[in-house]
Structure formats: structure tokens, C-alpha cells
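# Build me a structure from this.
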Amino acid sequence: MRRYVLRRLGQIVITLYLYLTLVFFILEAIPGDVSQIYIQNPLLTKEVREQLIRDLGLDKPIHERYFTYLGNFFMGRWGTSFSHDRPVWDIILERLPRTALLFLTATVISFYLGFVLGKLIAWRRGQLAEYASTITGITLFTVFTPMLALLLVWLFSLQLHLLPIANFLDENKWQLVSLRAETIFNYMLLTLGVVTMAGLALWWAAHRFIYQPWTRFFVLLGGFTGIFALTGYVWSAFGQCWPAFPKYGGQICNWQLALDILYHMVLPVLNVTLISFGGTMLLMRNSMLETIREDFVMAAKAKGLPDSRVRDQHAARNAMLPVVTSFVLSLALAIDGGIITETIFSWPGMGLTLLNAVQEKDMPLAVAALVFVGVFALIAHLVADVLYAYLDPRIRYD
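Predicted coordinates for the structure are as follows:
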């Protein structure tokens with residue numbers, strides 16, 4: 001395994017170099033230059049714009065810019081954003097938590113629901129639930145993303161007035177506090193990670209040691225209720241509070257700001273979850289249908305083991321291999337955000353940042369955003385390969 005990991009790390013370095021080269025030349029091929037951003041400013045003369053181009057190094061030949069670009073990247077000098085006039089790292093550290101919280105939440109929910117439902121409908125093939133779930137999954141998997149997002153906005157925001165249309169916070173509340181939104185996002189990401197790990201440990205223990213479905217259901221229900229209750233108590237007990245207007249009760253606390261973000265997250269999370277859920281469910285169902293025909297599943301049934309144990313510990317564990325790959329890659333791609341989703345819901349994360357950077361030909365910021373998704377995707381492939389060997393004992397890397 002060690003030799004395999006080292007060999008894959010070498011392949012990752014080569015692939016990363018090719019990816020960086022491709023990103024550079026694609027962005028260079030976009031018409032126009034960054035000086036177009038400032039043309040509308042009447043205070044800038046032609047000489048000033050030409051000096052700006054020289055200061056940014058855009059007057060040099062393309063091969064010199066290419067080698068400078070590679071050297072700066074590997075030295076960690078990602079430069080200053082042309083359009084924001086801020087260091088690229090500052091912009092990424094500001095936008096990354098917003099995208100991570102939104103898309104990691106949606107990805108975890110959609111893959112868990114898709115895995116469970118896909119496993120169940122494959123095990124009970126031929127029933128009405130399978131046909132209804134399959135049709136629903138195909139519809140969600142093939143739906144036009146902007147149409148679904150706009151439909152959700154029309155229904156829940158414009159017609160029912162239940163959820164906000166866009167943005168990620170209520171500015172009337174946040175202007176009362178001297179706290180950056182990224183601080184709350186970081187706290188929420190940490191909470192999401194702890195809750196997810198605790199939930200996975202509880203789920204694994206319940207499926208490992210409890211074989212009766214209803215007993216396992218109530219244990220999981222009680223366990224998750226306790227986890228969420230403890231999380232709410234920690235936020236309410238240790239959250240800092242700020243003076244506020246009387247309509248907010250005279251003060252506003254960090255947990256109320258976190259709830260405000262969650263309130264604005266509902267629509268984009270619902271949009272991403274519905275689309276991802278359909279593909280995961282269909283993938284798990286097809287993989288499960290192939291696995292239940294294998295000899296080891298038949299042997300487990302012949303031993304007289306309970307159906308739930310055969311389904312969960314024998315069939316589902318092997319059927320989940322392609323689902324695990326899809327899940328790990330989705331986590332990596334979630335870091336860069338969904339451009340369509342973030343644009344429609346005005347969620348200022350990495351996806352919207354990448355779109356604006358490409359439109360304005362902001363090379364340092366566009367490269368940073370694209371490289372993030374590339375690096376995470378390469379690492380995700382390695383993690384998926386290692387997980388394969390853990391989930392399926394038949395797989396060995398020499």
C-alpha cells in the first residue's frame with residue numbers, strides 16, 4: 001500500500017503540472033485584458049492604463065508570464081486580485097467557508113438519503129416503491145438546474161413567503177455586530193464536522209451491533225436527537241451576544257446569527273440536495289442489484305442470517321464502492337462551489353467568485369479558484385482508491 005500511495009503521489013504532481021498549464025493557456029485565450037475593467041473610469045488616462053499593464057506584468061511575452069506563473073504558484077505567491085485589489089488568499093479565506101458550509105451540507109444529506117433509499121428499493125425490487133423512487137430519481141437527476149432553482153424561489157419565496165430569495169444573511173441584523181461573517185461560518189463548519197463524525201460513529205455502531213430494524217431506528221433517533229440537542233446547548237451557552245434594537249429582544253447572539261445563515265441556506269441546500277440525491281439513489285440501486293446476485297450474498301442467506309444483516313453488512317458494503325467514489329469526488333468538487341446555484345441564489349462563494357474573475361480576466365483570482373478544485377479532485381481520487389481497499393478486502397494494491 002505504501003508503494004502504491006507514493007506512486008500515486010508522483011502521478012498527482014505530474015497531473016497537477018499539466019492541469020496548471022491547461023488553466024493558464026485557457027485563461028490567456030479569453031479575449032480582452034484586465035485594463036478593460038478601468039476603461040470606464042474617466043480619471044485614468046491612456047498613459048496610466050499602460051503603466052498599470054506594465055506593473056501587472058501583462059506586457060511581457062506569454063512564455064515569460066507562463067514560467068513566472070508556475071514559479072509563483074509553487075512558491076505560494078498567488079499575488080493580488082486585479083479586480084478586488086486584495087491578496088488572493090484573503091479573498092479565498094473569505095469565500096471558501098461560505099461555499100464549504102453550503103455544499104458540504106447538501107452533499108452529506110443527499111448522499112446519505114440516496115444511499116439508504118437506493119439500498120432499500122433494490123432489496124425490495126418489483127414493488128411500487130421501487131418504481132416511484134426510480135422515476136423520481138431520474139426526474140431529479142436530469143432536471144435543468146436553473147429551472148429547478150427558479151421554481152424553488154418562485155414557490156417558497158414569492159408565493160408562500162417562507163424563505164428569503166437570495167443572499168446569505170440579513171444585513172439588518174449583521175450591521176449591529178462587530179463580527180465578520182466568516183467567523184460564524186468557521187464555527188458552523190467546525191460544528192458540522194463534529195456532528196457529522198459523531199453521527200457516522202453512531203450509525204456505524206448501530207448497524208454493527210444492532211440487527212433488529214426497529215430497535216436500531218429508535219437508537220439512531222435517540223442518538224441523533226441527543227447530538228443535536230447538545231450542539232444547540234453549546235451554541236446557546238457559550239455564544240457571544242451583542243447589543244441590538246428592541247425588536248431583536250435588546251441583544252443578538254452568535255447562535256441567532258448562525259440561525260440566520262441557516263435560514264438563508266435552506267433554498268440553495270434544497271436545490272443541490274434534490275439534484276445530487278437522484279443520481280446517488282440510482283447509482284446505489286444499480287450497484288446493489290448487481291451485488292445481491294453474487295455468491296457470497298446467497299451464501300449469507302443460506303446460513304439463515306437475518307435479511308437486514310445480509311443486506312447491510314454483506315450486500316450494501318460491497319455495493320457502496322461506486323457510491324463512495326462519487327461521494328468523495330463530490331466533496332472535492334463542492335469546495336469550488338456550483339456556479340449556477342451560487343449565481344441564482346446570490347451566494348457569494350467560490351463559484352460566484354470564479355465566474356466574476358473569469359469575466360473580468362482576473363488571472364490571479366481565477367487561477368486560485370480553479371486550482372483549488374483541481375487539487376482537491378486529485379487528492380479525492382487517491383482517498384477513494386484507499387477507501388476501496390478498506391471496504392472490499394478483495395482489493396489489494398501491490
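# Show me where the stretch 201-350 of the chain has its helices.
213-238, 254-291, 295-302, 307-309, 316-319, 321-334, 339-344, 350-359 (DSSP state H, counting those that start in this stretch).
# How far off centre is whichever helix or strand comes after the last one?
By that I understand helix 350-359. As assigned by DSSP states H and E, the chain's next helix or strand after helix 350-359 is helix 363-391. On the basis of CA atoms, centre = their mean, to the nearest Å, helix 363-391 sits 12 Å off its chain's mean C-alpha point.
# ditto for stretch 135-147
The chain centre lies 19 Å from the centre of stretch 135-147; the measure is CA atoms, centre = their mean.
# what about the stretch 151-300 of the chain, any weak spots by pLDDT?
171-181, 211, 236-240, 242-251 (pLDDT under 70).
# which residue ranges form the strands in the stretch 101-250 of the chain?
Listed in chain order, the strands of the stretch 101-250 of the chain (DSSP state E, counting those that start in this stretch) span 241-243.
# circling back: which among the helices of the stretch 201-350 of the chain is found nearest to residue 69?
Closest to residue 69 of these is helix 350-359 (CB to CB; 14.9 Å). (Glycine included, C-beta is placed from N, CA and C.)
# what mean pLDDT does that closest one have?
Mean per-residue pLDDT for helix 350-359: 82.
# For that helix, name the packing helices and strands.
If contacts are counted by 3 or more CB pairs under 8 Å, 6 or more residues apart in numbering; DSSP states H and E, helix 350-359 sits against helix 88-123, helix 339-344, helix 363-391.
# Kindly provide the distance from residue 292 to residue 262.
In this view, residue 292 and residue 262 are 39 Å apart by CB to CB, to the nearest Å.
# Tell me which of the two has more neighbours.
In this view residue 292 and residue 262 are compared by other CB atoms under 10 Å, and residue 292 has more residues nearby, 20 against 13.
# Skip the chain neighbours and tell me the closest residue to the more buried one.
Nearest non-adjacent residue to residue 292, counting by CB to CB, 6 or more residues apart in numbering: residue 315, 5.1 Å away.
# ok, now residue 139?
residue 278 (7.1 Å).
# Next one: the one you found from residue 76, what distance?
40 Å.
# what about those two, which has more around it?
Applying other CB under 10 Å to residue 278 and residue 76 shows that residue 278 carries more neighbours, namely 22 against 7.
# I'd assumed residue 135 was in contact with that one.
No. Counting by CB atoms under 8 Å, residue 278 does not reach residue 135; the two are 10.2 Å apart.
# Surely residue 89 and residue 78 touch.
Yes. Look at residue 89 against residue 78 with CB under 8 Å: they come within range, at 6.2 Å.
# ok, how many other residues are close to residue 47?
Residue 47 is flanked by 8 other residues according to other CB under 10 Å.
# Sorry, slip of the keys, the one I care about is residue 13.
9.
# likewise the one 3 residues further on?
The burial count assigned to residue 16 is 16, neighbours taken as other CB under 10 Å.
# before we move on, what about residue 358?
Neighbour tally, residue 358, other CB under 10 Å: 18.
# mind listing what the spatially closest residue to it that is not a sequence neighbour touches?
Nearest non-adjacent residue to residue 358, counting by CB to CB, 6+ apart: residue 366, 5.2 Å away. Neighbour list for residue 366: 27, 354, 357-358 [criterion: CB atoms under 8 Å, 6 or more residues apart in numbering].
# Repeat that for residue 192.
Each residue near residue 192 by CB under 8 Å, 6+ apart is listed here: 101, 104-105.
# Compare those residues and tell me which has the most neighbours.
residue 101 leads these on contacts (other CB under 10 Å) with 23 neighbours.
# Isn't that residue up against residue 186?
No. Contact criterion CB under 8 Å: residue 101 and residue 186 do not qualify, at 9.1 Å.
# Of the contacts of residue 192, which is the nearest to residue 157?
residue 105 (19.6 Å).
# does that closest one really touch residue 268, like I thought?
No. Taking contacts as CB under 8 Å, residue 105 lies outside contact range of residue 268: 9.6 Å.
# and for these two, which residues touch both?
Overlap of the contact sets of residue 105 and residue 268 (by CB under 8 Å, 6+ apart) is empty.
# tell me the domain boundaries of this structure?
2-74, 91-391 (automatic domain parsing).
# could I get those domains as a markdown table with distance to residue 83?
Output for those, formatted as a markdown table (distance: least, CB to CB, whole Å):
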| stretch | distance to residue 83 |
| --- | --- |
| domain 2-74 | 6 |
| domain 91-391 | 5 |
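# Which stretch among those is buried most, on average?
domain 91-391 (a mean of 17; mean count of other CB atoms under 10 Å).
# Report the separation between residue 221 and residue 202.
Applying CB to CB to residue 221 and residue 202 gives a distance of 11 Å.
# One more: residue 356?
Shown here: residue 356 relative to residue 202, a distance of 41 Å by CB to CB.
# and the contacts of residue 366, which two are the farthest apart?
Counting by CB to CB, the most remote pair of the contacts of residue 366 is 27 and 354, 11.1 Å apart.
# What is the distance between stretch 288-306 and the centre of its chain?
Taking CA atoms, centre = their mean, one finds stretch 288-306 lying 35 Å from the centre of the chain it belongs to.
# Give me the contacts around that stretch.
Residues contacting stretch 288-306 (CB under 8 Å, 6+ apart): 118-119, 122-123, 125, 211, 307, 309-310, 314-316, 318-319.
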